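In: any chance you could fold what I've pasted below:
(one chain, ligands or ions: 3)
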Amino acid sequence: MIVLGLETSCDETAAAVVDETRHVRAQRLLSQHDAHRPYGGVVPEIAARAHLDHLDRLVAETLEAAGVALADLDGVAATGGPGLIGGVIVGVMTAKALALATGVPFVAVNHLEAHALTARLTDAVAFPYLLLLVSGGHCQLLEVRGVGAYRRLGTTIDDAAGECFDKTAKMMGLGHPGGPALERAAVGGDPARFALPRPLRGRPGCDFSFSGLKTATRQVLDGLPPGPLSDRDLADLAAGVQGAVADVLVDRTGRAMTRLAADAAAGAAPTLVVAGGVAANRTLRAALGGLCADRGWRLVAPPPALCTDNAAMVAWAGLERLRLGLTDPLEFKPRPRWPLDPDAPKRAFAGV
Ligand code: ATP
Ligand code: MG
Ligand code: FE
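Out: Numbers count the residues shown, from 1 in each chain. Ligands and ions are numbered 1, 2, ... in the order given. Have a look, this model is predicted:
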């Protein structure tokens, strides 16, 4: 089975071909970071136009590099949401046109499910597993029971972890996207120099909060000499924010592990998967490695390039759905919002 996947939900234009042996036959990715940097964030209209300008060429290059003709495909998948709607429309319309022209099924992939299933492409992880999904727009703990089967254990009550990195990085004068810039700036910094809060740490439940950390960062900056930050202040503050985010994520993930371990009847397997752009962060990966070592759990963290947005994960999620017979009609409408667990209350298991 060979599937072409397209990703256009934010500021990466990407195409990839994967097969059922978990082989990424080829992939092409174009980041629009330079186009958005002057604005300090992603501008939806610029993103949609860039996807339109580049996607066709990336698809042709990917198929050629994979040595695959359109006629060889078993399906065409595209991110159908959630995301910036203009970009999602570009990817979905392109995938539908290719599917129609070649007579193969179209699969609309939930972008969050693509992040969630990446570990099964890179490491053949079996269901069920605990997922820490940390990206630019989401921060959730989910029990992944199967394709399309998610139980939410916790979510953020304000900002996502990636959003926290992006916003604090911006305050420090670092470029867009903030997470990778902050990680680079933190190298050699003293994470203990500035006392930053760990919101919700030790509190019941598995929810997250990051807005207090943002405010605290602003207050630290206001207390430093005016003008550009010294290299030392920047490194220490960046390391402090990174350490605080990692501490909070580890604490909440530890609580979810306890919850699932107590739920043995649900068949919870001791595997933690971390996914989404923030999962590329080395400090977080190391901290989660420590947590898993303490608890006797296995940690699966896909390679950083497959944590941030990419099309291999979309092609793979499409393939997982296709082999279960889950395809979508050409009438599928792009979804700006598309929760993995549509029936879950905003915050689950608050009393744990
Ligand atoms: P979503 O997946 O929620 O729809 P998105 O697709 O925009 O959002 P991703 O591409 O999955 O998000 O992740 C991007 C986020 O990850 C950004 O907030 C970025 O700053 C953050 N990020 C990327 N690399 C790192 C890193 N090395 N350290 C910390 N954060 C990072
Ligand atoms: Mg991006
Ligand atoms: Fe994403």
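In: residues contacting Leu340?
Out: Contacts for Leu340 (Cβ atoms under 8 Å, 6 or more residues apart in numbering) come out as Asn110, Leu112, Glu113, Ala116, Gln140, Leu142, Tyr150, Arg152. C-beta: built from backbone N, CA, C; applies to glycine.
In: wait, I meant Gly5
Out: So Gly5 contacts 15-18, 76-78, 109, 114, 311-318 (Cβ under 8 Å, 6+ apart).
In: looking at the contacts of Leu340, which are in helices?
Out: Among the contacts of Leu340, the residues falling in helices (DSSP state H) are Leu112, Glu113, Ala116.
In: quick check: the second one vs Gly205, distance?
Out: Taken as Cβ to Cβ, to the nearest Å, the spacing of Glu113 relative to Gly205 amounts to 24 Å.
In: near ligand 1, which residues of the stretch 251-352 of the chain?
Out: Residues of the stretch 251-352 of the chain that fall close to ligand 1, judged by Cβ under 6 Å from any ligand atom: Gly276, Gly277, Val278, Ala280, Asn281, Thr308, Asp309.
In: contacting residues for the first one?
Out: Pointing back at Gly276 there. His115, Leu133, Val134, Ser135, Gly136, His138, Gly162, Cys307.
In: the helix or strand where the second one lies pairs with which strands?
Out: What it means is Leu133. Taking DSSP states H and E as the definition, Leu133 sits inside strand 129-134. The pairing partners recorded for strand 129-134 under DSSP bridges are strand 139-146 (antiparallel), strand 271-275 (parallel).
In: before we move on, the earlier item: determine which two of the contacts of Gly276 are furthest apart.
Out: Greatest spacing in the contacts of Gly276, by Cβ to Cβ: His138 and Cys307 (12.9 Å).
In: before we move on, back to that, of Glu113 and Gly205, give the one with the bigger neighbour count.
Out: Glu113 (23 against 20; other Cβ atoms under 10 Å).
In: what are the phi and psi angles of the closest residue to that one other than its chain neighbours?
Out: Spatial nearest neighbour of Glu113, excluding adjacent residues (Cβ to Cβ, 6 or more residues apart in numbering): Ala317 at 5.2 Å. Main-chain torsions, Ala317, degrees, to the nearest 10: phi -60, psi -40.
In: surely Phe165 is in contact with Leu182?
Out: Yes - using Cβ atoms under 8 Å, Phe165 makes contact with Leu182 at a distance of 5.3 Å.
In: where do the contact lists of those two overlap?
Out: With contacts taken as Cβ under 8 Å, 6+ apart, Phe165 and Leu182 have Val241, Gln242 as neighbours in common.
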